[in-house]
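**Q** okay, predicted coordinates and the sequence, questions at the end:
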There are 2 protein chains.
Amino acid sequence: MALGKDYQRQDCALARALEVVGERWTLLVLRDCLFGVSRFTDLRGRLDIPRAVLADRLATLVEAGLLERRPYRPGRDEYLPTEQAVALWPAIYALREWGERYYPPDAGRRRFFRHVPCDTDVDSIGRCPRCGEIPSPTELETRPGPGADRTLRDDEVSLALYEPHRMLTPLP
Amino acid sequence: MALGKDYQRQDCALARALEVVGERWTLLVLRDCLFGVSRFTDLRGRLDIPRAVLADRLATLVEAGLLERRPYRPGRDEYLPTEQAVALWPAIYALREWGERYYPPDAGRRRFFRHVPCDTDVDSIGRCPRCGEIPSPTELETRPGPGADRTLRDDEVSLALYEPHRMLTPLP
DNA sequence: GTGTTCGGTTCAATGAACAGACCGGAATCC
DNA sequence: GGATTCCGGTCTGTTCATTGAACCGAACAC
């Protein structure tokens, strides 16, 4: 979100949320983090986002408590989603579903999410039709649908996501 | 969303959705439209948004098919949410809930939503505990909670929303 | 040592957001 | 019917975020 990332004088939970995750790129970064992407270079490879902006968004998210920064090798850090970021999944999923519904590819859905314990795809509100629960992403596996365009991206992360992948597990 | 409102080369329903509703102010405008606000001046009074930006967002939303522009008097138009905008409610609600949970006022929740046919408040995933359904906003009534700050705004719309109000009915 | 990759920071240019002035048509006041 | 007000914008100059490209230091790889 551009100029003035805050919404002063808005006594509203939505405005508070958007102050944290409403900036450009932020939700896409979080989506990838929930998929299991954690390194600067991998995020860069998948989102065509300027380095400076990615660095800024990651720092903002760490400060806001959505990501935890942790070295995975001396001098190299990775960014892992906290519980607060995981709690954002229903909102991300709802936006996804809306986009999938109103802007569908000709070939069909772009992506599916399966509730692993029940071996069942979740429905349009993110509920598992079998157990009736709304699973956390930790219990979901994602896989591409017929509408996925496999020619669009050839970075490592996107290639890995053309196969089924358990969410929140390291990628690629 | 600022500069470059599109996300090229992202084969992803979330990116599609954010291209439409991810710009700054857009979700707040839609939230108010779903509450029942429809006129330029009323939106201006409640969101401290520059006129030019509001005009731009409304035009964009009309073109995208989320709002319908309709004269309510010769020369004066109002903006009414379409079904596509109503379908965005689960996403807006999920973001709201996340904000309400992680950035709560000391006094408690800012706002409640009641499923009118069941006379029951919906839960954190927007479900009515009584009937088990996820109601459309057409069946919801909103009212302020103990965390609402009644001193913050004194525009007509906000004053009206300090009383219970059926969503999608004209306001103020 | 030399080269490469990673994870950034710095920089100038672009363009969106902002506050505030302006403006035209319709209704209202007198 | 003439002046005024209100509504729904547009226009203007300034501020600030985003962008792409260049740069940079630390850690390996050989």
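**A** Cool, got the structure.
**Q** tell me where chain A has strands.
**A** A:67-73, A:76-81, A:111-115, A:120-121, A:140-144, A:165-166 (DSSP state E).
**Q** sheet-wise, list the partners of the second one with their directions.
**A** Sheet pairing of strand A:76-81 (DSSP bridges) gives strand A:67-73 (antiparallel).
**Q** what about the strand it pairs with, near DNA strand D?
**A** Yes. Strand A:67-73 comes into contact with DNA strand D (C-beta under 7 Å from any atom of the strand), by way of residue A:73. Bear in mind the C-beta positions are built from the backbone N, C-alpha and C, glycine included.
**Q** quick one: that strand to chain centroid distance?
**A** Put simply, strand A:67-73 sits 18 Å off its chain's centre (C-alpha atoms, centre = their mean, to the nearest Å).
**Q** contacts for that strand next, please.
**A** By C-beta atoms under 8 Å, 6 or more residues apart in numbering or on different chains, the residues outside strand A:67-73 that reach it are A:33, A:38-39, A:58, A:61-62, A:77-82, A:85.
**Q** export that strand as CSV, just CAs?
**A** What follows is strand A:67-73, C-alpha atoms only, in CSV (Å, rounded to 0.1, in the frame of the first residue of the first chain):
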residue,chain,number,x,y,z
LEU,A,67,7.7,-13.8,10.7
GLU,A,68,10.6,-15.0,12.8
ARG,A,69,14.1,-14.4,11.5
ARG,A,70,16.5,-17.2,12.2
PRO,A,71,20.0,-18.1,10.8
TYR,A,72,20.1,-21.3,8.9
ARG,A,73,23.8,-21.0,8.3
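**Q** mean confidence for that strand?
**A** For strand A:67-73, mean pLDDT is 91.
**Q** that strand: which residues count as buried?
**A** Within strand A:67-73, the residues scored as buried using 16 or more other C-beta atoms under 10 Å in any protein chain shown are residue A:67.
**Q** so how many other residues sit close to residue A:134?
**A** For residue A:134, the neighbour count with other C-beta atoms under 10 Å in any protein chain shown is 18.
**Q** list the residues that contact it.
**A** Counting by C-beta under 8 Å, 6+ apart, residue A:134 makes contact with A:90, A:122, A:125-128, B:125.
**Q** cutoff 10 Å now
**A** A:89-90, A:93, A:115, A:122-123, A:125-128, B:124-125, B:127 (C-beta atoms under 10 Å, 6 or more residues apart in numbering or on different chains).
**Q** of those, which are in range of DNA strand C?
**A** Okay, of the contacts of residue A:134, nothing touches DNA strand C (C-beta under 7 Å from any atom of the strand).
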